[in-house]
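J.: Build me a structure from this.
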Amino acid sequence: MSSRILVSSTDAAPTQTPAPPRRRSNAGGNINLRGSAAGAAGAPAVAINIASSAQLLSLLDGAATGPGGKTTILATGSNSRINISGNAGSAAPIDTIRADRGAIDIRHTGDNSSVSISNATLRADTVKVATLGANGALNIGGGTISADTALRLYSEGSNGTINFLANVTLNGPDPILAANTINITDNVVVTITGTGERPASVYTNNPNYSIRDGGNNQNQNAGRFGGAGANTFPFANRPPLDGGP
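T.: Down below sits the predicted model:
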C-alpha cells in the first residue's frame, strides 16, 4: 500500500475567523492489514508492503476521554515478507504508523519469513513487532520506534534473528528484545531512550554486538547499544511476548 489511512483525527485549531469545522476524535479507530501470500525457498513472496508514501494513523484529540485504537499487521504465509518503509528524506520524521494511546501489533507467523522496517517512525502506547515462525528474521534499518508503556521486539521461533542494519532509536520505559541471535552491524548504534533512561533488556543466546553491552564482539567498531545501553540475558529467560502491558 502507498496511501494514507486515517481512521480517527486530531485536527489542529484553525486560525481563520469564523473557524471552519474540524475533526477531533474522542476514541481511536482500528486498522487491520492481513496477508497470507506464501513463497518458496529462495523466492520469498511479499505478503504486506507499506511503502514510504503510506501512513497508518489512529489519532486522538488531546482532550479525548475514550480509548486509543489498535493497528494490527499480520502475515501468515511461509517464505514471505512484511516490508515497512518510512520517508527518510523528509525534513522532519513523518509518522509511518501511529496509534495515540493505543497499540501497534506487527506479527509474522510463517516459517522462513521476515519483517523488515526501514527508516520508519512507529508511535503508540504499546508497540510489539515479532516473527513467530521457525527461521524468522526481524530486520530494522533506521528510524524510531516509540512506546509509552511497552516496546517489545521478538523473533520467537527456532533460530530466530533480530538484525539491526542501520542506526535506530528505541524509545520506551523498558524496551525488551528477544531472539536466539541478535546482530548489530559494525558501526551501527541502537540508541535506547525513554522515561527513566533504563537500559533495554536483551534476551539472546548469540549476542553479536559489543562486549560493553554483554555481547561477544570485541572489535572497536562493533555495533552497540547507545543512550541508556542494554543488559543481556539468556534467551530462555525472556518474558512472554504478550505478558504485561
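J.: Below-threshold pLDDT in this structure: ranges please.
T.: Applying pLDDT under 70 to the chain flags the ranges 9-26, 63-64, 89-92, 244-245.
J.: what do you get if the cut-off is 50, keeping everything else the same?
T.: 14, 19, 22, 245 (pLDDT under 50).
J.: Pro234: neighbour count?
T.: The number of residues packed near Pro234 is 9, by other C-beta atoms under 10 Å. C-betas here are computed from N, CA, C, even on glycine.
J.: hang on, I meant Gly69
T.: 25.
J.: how about the nearest residue to it, chain neighbours excluded?
T.: Distances taken as C-beta to C-beta, 6 or more residues apart in numbering place Gly28 nearest to Gly69, at 2.9 Å, with adjacent residues excluded.
J.: residues contacting that neighbour?
T.: Listed by C-beta atoms under 8 Å, 6 or more residues apart in numbering, the contact set of Gly28 reads 7-8, 58-60, 66-70, 99-102.
J.: Show the buried residues in those.
T.: Val7, Ser8, Ser58, Leu59, Leu60, Gly68, Gly69, Lys70, Ala99, Asp100, Arg101, Gly102 (16 or more other C-beta atoms under 10 Å).
J.: which one of those residues sits closest to Gly141?
T.: For these, the minimum distance to Gly141 (C-beta to C-beta) is 22.2 Å, reached by Ala99.
J.: and whichever strand or helix holds that closest one, how far from the chain's centre?
T.: Here Ala99, judged by DSSP states H and E, is contained in strand 97-108. Centre-to-centre, strand 97-108 and its host chain are 8 Å apart (C-alpha atoms, centre = their mean, to the nearest Å).
J.: so what does it touch, helix or strand wise?
T.: strand 55-58, strand 70-75, strand 80-85, strand 114-131 (3 or more C-beta pairs under 8 Å, 6 or more residues apart in numbering; DSSP states H and E).
J.: Need these in JSON lines (columns: distance to Asn205).
T.: Below are those laid out as JSON lines (distance: least, C-beta to C-beta, whole Å):
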{"stretch": "strand 55-58", "distance to Asn205": "34"}
{"stretch": "strand 70-75", "distance to Asn205": "25"}
{"stretch": "strand 80-85", "distance to Asn205": "24"}
{"stretch": "strand 114-131", "distance to Asn205": "16"}
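J.: Asn49: which of those strands is closest?
T.: Here strand 80-85 is closest among the helices and strands packed on strand 97-108 (C-beta to C-beta), at 4.7 Å.
J.: what residues does that closest one touch?
T.: For strand 80-85, contacts defined as C-beta under 8 Å, 6+ apart pick out 35, 37-39, 44-52, 73, 75, 96-97, 106, 108, 110, 113-120.
J.: Listing partners with orientation, what would you give for that strand?
T.: Strand 80-85 has the following strand partners under DSSP bridges: strand 45-50 (parallel), strand 114-131 (parallel).
J.: and of the buried ones among the contacts of Gly28, the nearest to Leu153?
T.: Ala99 (16.8 Å).
J.: May I have the residues that are in contact with the closest one?
T.: By C-beta under 8 Å, 6+ apart, the neighbours of Ala99 are Gly28, Ser58, Gly68, Gly69, Lys70, Thr71, Arg123, Ala124, Asp125.
J.: swap the cut-off to 6 Å and go again
T.: With contact taken as C-beta atoms under 6 Å, 6 or more residues apart in numbering, Ala99 is in contact with Ser58, Gly68, Gly69, Thr71, Ala124.
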